[in-house]
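Participant: Would you be able to build a 3D model of this:
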Amino acid sequence: MPGLADVVSPAIVRTSVLLVGDSLSMPRNVSERERVPLADTYPALLRRCLSDQGYDFARLGGRARTLPELVRELENEKEQYEPDYIVIHAGIVDCAPRVFSRWQRKVVRRLGMFRGPLLRFTHRHRRAIIRALPRRVYTSACTYRTAVRSATRIASEIGSGIVFIGIAPSRYETEHRSPGLEENIRVYDDILREECKASNAVFIDAFAVFSDIEQCILSDGIHISSEAHRRLAASLQDVLRKKSVP
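Facilitator: Numbering: from 1, shown residues only. Now for the predicted structure:
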């Protein structure tokens, strides 16, 4: 007669993955033509493909988050999650050229009747304003590098593997409205690549994954399409299944 060990399947060892990111990992519903439903996002695709293989996924972050903000959230929540792997997807909010700094945007929100005309003027003349002003971003390149290093330090402290997703390329129309965006993306993406190499973290090259820009990048030049989410989910699956993340 077979014993219990012969008839009961061994329990699957669960692997926890914490996805840390801004709105690029979230659904998008601005227009029907460019709609990205929740089911098409790469976090949802990863859950669907890997949950029955022993992977559990949690998410940290939200819309318009910079990398330093996400790293602070990670620092505060790390003991709650204690993931086996951390996947970080951020950078475009940090490096995109801005008309207003963060504190200036707070002031503008309090301008009452003057807020609307000011925003319409800056929207209409955005290209000229950005070209005329000193380069303004939410996160300096130096601060961005420090945030990457802080994230790798946190992962090391809690014994997690860490994966960084590079910053996606933009479209010509967005570069036209925001001069310097493509250059900033390259600079910040190079910082991320360098720090991943120095810390032996995994770097997923978004320029390679999203090589077909027209198919992968939405018309706002920032967010990614359902096709791009599928490609990114496939790349992450390859990395996580190998379980070779440092």
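Participant: Tell me the bridge partners for the one residue sitting closest to the centre of the chain.
Facilitator: Nearest residue to the geometric centre of the chain (C-alpha atoms, centre = their mean): residue 89, 2.4 Å. In this entry, residue 89 is beta-bridged to residue 21, residue 165, by DSSP bridges.
Participant: pretty sure it is touching residue 18, no?
Facilitator: No. The criterion here is C-beta atoms under 8 Å, and residue 89 misses it with residue 18 at 11.6 Å. Heads up, the C-betas are built off the backbone N, CA and C, glycines and all.
Participant: Please list all residues in contact with the residue nearest to the centre of the chain.
Facilitator: Applying C-beta atoms under 8 Å, 6 or more residues apart in numbering to residue 89 gives the contacts 19, 20, 21, 22, 24, 25, 164, 165.
Participant: quick one: which of the residues you listed is nearest to residue 224?
Facilitator: Nearest to residue 224 out of the contacts of residue 89 is residue 24 (C-beta to C-beta; 5.8 Å).
Participant: So what's the residue count around that closest one?
Facilitator: Residues near residue 24, counting by other C-beta atoms under 10 Å, number 25.
Participant: Next: the one 4 residues further on.
Facilitator: Residue 28 is surrounded by 21 other residues when neighbours are defined as other C-beta under 10 Å.
Participant: where's it relative to residue 194, distance?
Facilitator: 30 Å (C-beta to C-beta, to the nearest Å).
Participant: do residue 23 as well
Facilitator: From residue 23 to residue 194 the distance is 25 Å (C-beta to C-beta).
Participant: Excluding residues flanking it in the chain, which one is nearest residue 230?
Facilitator: Distances taken as C-beta to C-beta, 6 or more residues apart in numbering put residue 45 closest to residue 230, at 6.6 Å, once the chain neighbours are dropped.
Participant: Now for the one you found: which residues touch it?
Facilitator: Contacts of residue 45 by C-beta under 8 Å, 6+ apart are 229, 230, 233.
Participant: What are the contacting residues of the host helix or strand of residue 74?
Facilitator: Counting by DSSP states H and E, the element that carries residue 74 is helix 67-81. For helix 67-81, contacts defined as C-beta under 8 Å, 6+ apart pick out 16, 18, 20-22, 58, 60-61, 65, 86, 88, 90-91, 94, 139, 143-144, 146-148, 150-151, 154, 157-158.
Participant: Please say which of residue 23 and residue 194 ends up with more neighbours.
Facilitator: Each of residue 23 and residue 194 has its neighbours counted (other C-beta under 10 Å); residue 23 has more, 19 against 13.
Participant: There's contact between that one and residue 220 in this structure, I believe.
Facilitator: No. Applying C-beta under 8 Å, one finds residue 23 not in contact with residue 220, separated by 10.7 Å.
Participant: Now tell me which helix or strand of the chain has the poorest mean pLDDT.
Facilitator: None of the helices or strands of the chain scores lower by mean pLDDT, DSSP states H and E than helix 4-7, at a mean of 44.
Participant: Please verify my assumption that residue 201 contacts residue 152.
Facilitator: Yes. In this structure residue 201 lies within contact range of residue 152 using C-beta under 8 Å: 5.6 Å.
Participant: Identify the contacts common to those two.
Facilitator: Going by C-beta under 8 Å, 6+ apart, residues that sit against residue 201 and also against residue 152 are 162, 195.
Participant: Give me the pLDDT for the residue nearest to the centre of the chain.
Facilitator: For residue 89, the model assigns a pLDDT of 98.
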